[in-house]
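S.K.: with the sequence up front, the predicted model follows.
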Amino acid sequence: MRDYKLSIEYRHLKQHCPGGVFLVPSFDDLRLFHGAVFVRRGAFTNGIFKFTLRCPPRYNDAGTHPRVCFSSYVYNPHVDPETGEVDIPAAYPEWDPSKHFLVTALTYVKRIFYVKDYRELPERERSELPNQEALRLFQTDVDGYLRRVLECVKESQRGMYMNDPGCTVKFTKDEKCHEMMMEMMKERFGRRGGDGEGGGEKDADDASGVVTREDTLEIVEQVAQKLGDFGFPEG
């Protein structure tokens, strides 16, 4: 029954997951999920932070919280600097399965990246934040805090393509051939119909001409030749 309720919660997420947050079930564990947060504004802008969400065996019982841990390094007062765990139990001391769901946890995970002023938190909540060093730096040296945040954002970007074993949220780099094809298509087709205002050429990033199958195959062949793929005939 608990697994069934959990599957209902996950289906609910398809329509209600907070923007910029993605969650995918594990292949071999019904109670383990892999996710990522894409931060779009604020101090953590452009951060891509990976995490796991685990539901304990008694999840859906009162007082049993889901556990969210970042695998990406996150410099944030709400995230334990050693374990990467988010302070969901502190935010929701009385987890009530009739009111709190996976979407509740994910909304909170997103929210911690958009906090503007920790003075708005009650003193009790501030004292329970797991990264007190980050909180003190925020309170005493905002510029220093922002530098540390920027470092963790850059680290999250560098580690985007480092996929943990078994992770179902994976990022892969564009292959070199894809990059070359995009550049060649922009160069060739971005200038078609140079009838923009003033009679100038269109910008290569604003291509809108019709590209035929023959055009595409020709470019594929050229890219293959440049990369030394002898599966394509030369000349």
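M.R.: Nice, thanks for sending it over. Residues are numbered from 1 along each chain as shown.
S.K.: C-alpha only now, for contacts and for neighbours.
M.R.: Noted.
S.K.: need the helix or strand of the protein with the lowest average pLDDT.
M.R.: helix 176-189 (a mean of 68; mean pLDDT, DSSP states H and E).
S.K.: who are the packing partners of the lengthiest helix in the chain?
M.R.: Looking across the chain with DSSP state H, the single longest helix is helix 142-158. Helices and strands touching helix 142-158, by 3 or more CA pairs under 8 Å, 6 or more residues apart in numbering; DSSP states H and E, are strand 48-54, helix 132-140.
S.K.: starting at the chain centroid, how far to it?
M.R.: 16 Å (CA atoms, centre = their mean, to the nearest Å).
S.K.: what does stretch 157-169 give?
M.R.: The answer for stretch 157-169 is 11 Å, by CA atoms, centre = their mean.
S.K.: give me the contacts around it.
M.R.: 23-27, 34-36, 47-48, 72, 170-173 (CA atoms under 8 Å, 6 or more residues apart in numbering).
S.K.: same question, stretch 63-82
M.R.: So stretch 63-82 is in contact with 49-56, 58-59, 83-89, 93-96, 102, 105, 112-113, 129-135, 148-149, 152-153, 155-156, 159, going by CA under 8 Å, 6+ apart.
S.K.: can you tell me which residues contact D61?
M.R.: Contacts of D61 by CA under 8 Å, 6+ apart are D96, P97.
S.K.: ok, what's across the strand from it?
M.R.: Y59 (DSSP bridges).
S.K.: that's a helix at T168, yeah?
M.R.: No. T168 is assigned coil when assessed by DSSP: H, G, I helix; E, B strand; the rest coil, not a helix.
S.K.: look up phi and psi at P130.
M.R.: Backbone geometry at P130, expressed as degrees, to the nearest 10, gives phi -70, psi -20.
S.K.: which residue is the nearest non-sequential neighbour of it?
M.R.: D80 (4.9 Å; CA to CA, 6 or more residues apart in numbering).
S.K.: show the pLDDT at the one you found.
M.R.: Listed pLDDT for D80 reads 98.
S.K.: with D205 instead?
M.R.: Confidence for D205, expressed as pLDDT, is 39.
S.K.: for R147, see how far away the closest residue to A91 other than its chain neighbours is.
M.R.: Spatial nearest neighbour of A91, excluding adjacent residues (CA to CA, 6+ apart): E125 at 7.8 Å. For E125, the distance to R147 equals 24 Å [CA to CA, to the nearest Å].
S.K.: tell me which element the closest residue to I88 other than its chain neighbours falls in.
M.R.: Leaving aside its chain neighbours, I88 sits nearest to A105 (7.0 Å; criterion: CA to CA, 6+ apart). If you go by DSSP states H and E, A105 is part of helix 102-111.
S.K.: quick one: that helix to strand 48-54, angle?
M.R.: Between helix 102-111 and strand 48-54, the angle comes out at 150 degrees (axes from the mean of the first three to the mean of the last three CA atoms, to 10 degrees).
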